[in-house]
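>>> kindly return the folded structure for what I paste below:
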Amino acid sequence: MKVKKVLVSQPKPSSEKSPYYEIAEKYGVQIEFRPFIKVEGLTAKEFRQSKISITDFTAIIFTARTAIDHFFRLCEEMRVNIPDTMKYFCTTESIALYLQKYIVYRKRKIFHGTTGKLDGLLPALVKHNKEKYLYVVSDVHKDDTNILDSNKINYTKAVMYRTVSNDFGPDEPFDYDMLLFFSPSGIASLLKNFPEFKQEDIKIGCFGTTTAQAVKNAGLRLDMEAPSVKAPSMTAALDLFLSEESKK
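Numbers count the residues shown, from 1 in each chain. Alright, predicted model coming up:
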């Protein structure tokens, strides 16, 4: 089998029970975790340029834990006191529970959806349509606010963090047989780090249709795509791919 070393462009799993480790042992391949992108927060000075005053709002919309971290970090840096009356609307229960890191959960008005998307949160937003919402986002995000506009939700987007390339050092080896990507930003970072990148025998796998399109737009060959009927996850797709490769 030609694939001996795989780069997963995500942080290393926190659990030793990750399927990636089972796959590495099963096929005798080396799997390394190295994000091509990283998230960094806007500075207080940068955020002030948006002319957004957090205390003008009565409710906050969160779609990620990262958004929560950078919201409270900026509030602390700018010495903004969040009133106890502030309401929080989160797209999932796990994101809502993450608020406990910063606030006394049981004493606050907190609402969450079940789908992980804004449409799942819509009933709660409509019920509280008198609120003035601050929607915390990154500089690169899905523009899925049509549902807010059509339901006349009073909101303002606030960019509080950005996605940047996690550059490779000059002495950092890049000797992988397979690269796995999870977002178009990862593809952009690959080309930024290695503008003369030649794919040749290197296999490329990705998760999601937008990432797959980014691979093709970059003129690269897509060898593995998830999710699929047979492989609903990236690890399932990798397992299936390596199984087929081992038969060659």
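>>> what does stretch 126-144 contact?
Judged by Cβ atoms under 8 Å, 6 or more residues apart in numbering, the contacts made with stretch 126-144 from elsewhere in the structure are 39, 52, 54, 56-63, 66-68, 70-71, 87, 89, 111, 117-118, 125, 145, 148, 151-163, 185. Just so you know, the C-beta spots here come from the backbone N, C-alpha and C atoms, and that holds for glycine as well.
>>> where do the helices of this protein begin and end?
Listed in chain order, the helices of the chain (DSSP state H) span residues 19-27, 44-48, 65-77, 93-98, 118-127, 146-150, 184-193, 209-217, 234-246.
>>> which strand in the protein has the most residues?
Assignment by DSSP state E gives strand 155-165 as the longest strand of the chain.
>>> tell me what that strand is packed against?
strand 37-41, helix 65-77, strand 133-138, helix 184-193 (3 or more Cβ pairs under 8 Å, 6 or more residues apart in numbering; DSSP states H and E).
>>> ok so, going back, can you redo the helices of the chain as CSV with mean pLDDT?
Conversion of the helices of the chain to CSV gives the following (pLDDT from 0 to 100):
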stretch, mean pLDDT
helix 19-27, 96
helix 44-48, 97
helix 65-77, 96
helix 93-98, 93
helix 118-127, 93
helix 146-150, 91
helix 184-193, 93
helix 209-217, 95
helix 234-246, 95
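>>> got CSV for those, with mean neighbour count too?
Written out in CSV, the entries for the helices of the chain read as follows (neighbours: other Cβ atoms under 10 Å):
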stretch, mean neighbour count
helix 19-27, 15
helix 44-48, 14
helix 65-77, 19
helix 93-98, 16
helix 118-127, 16
helix 146-150, 12
helix 184-193, 20
helix 209-217, 16
helix 234-246, 18
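>>> now render these as JSON lines, adding distance to Gly169.
Conversion of these to JSON lines gives the following (distance: least, Cβ to Cβ, whole Å):
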{"stretch": "helix 19-27", "distance to Gly169": "24"}
{"stretch": "helix 44-48", "distance to Gly169": "26"}
{"stretch": "helix 65-77", "distance to Gly169": "25"}
{"stretch": "helix 93-98", "distance to Gly169": "32"}
{"stretch": "helix 118-127", "distance to Gly169": "39"}
{"stretch": "helix 146-150", "distance to Gly169": "42"}
{"stretch": "helix 184-193", "distance to Gly169": "10"}
{"stretch": "helix 209-217", "distance to Gly169": "24"}
{"stretch": "helix 234-246", "distance to Gly169": "26"}
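>>> so which of these is nearest Met224?
Set against Met224 and scored by Cβ to Cβ, the helices of the chain come closest in helix 234-246, at 4.7 Å.
>>> and that closest one with helix 19-27, angle?
For helix 234-246 against helix 19-27, the angle between stretch directions is 10 degrees (axes from the mean of the first three to the mean of the last three Cα atoms, to 10 degrees).
>>> other residues contacting helix 234-246?
Outside helix 234-246, the residues that touch it by Cβ under 8 Å, 6+ apart are 1-3, 6, 8, 18-20, 23, 26-27, 29, 180, 182, 203, 205, 207, 223-228, 230-231.
>>> of the residues you listed, grab the buried ones for ChimeraX.
To isolate the buried members of those in ChimeraX, using 16 or more other Cβ atoms under 10 Å:
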select :3,6,8,18,20,23,27,29,180,182,203,205,207,223,224,225,226,231
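>>> re the thing from before, which among the contacts of stretch 126-144 end up buried?
The neighbour-count test (16+ other Cβ under 10 Å) applied to the contacts of stretch 126-144 identifies 39, 54, 57-63, 66-68, 70-71, 87, 89, 111, 118, 125, 145, 148, 153, 155, 157-161, 163, 185 as buried.
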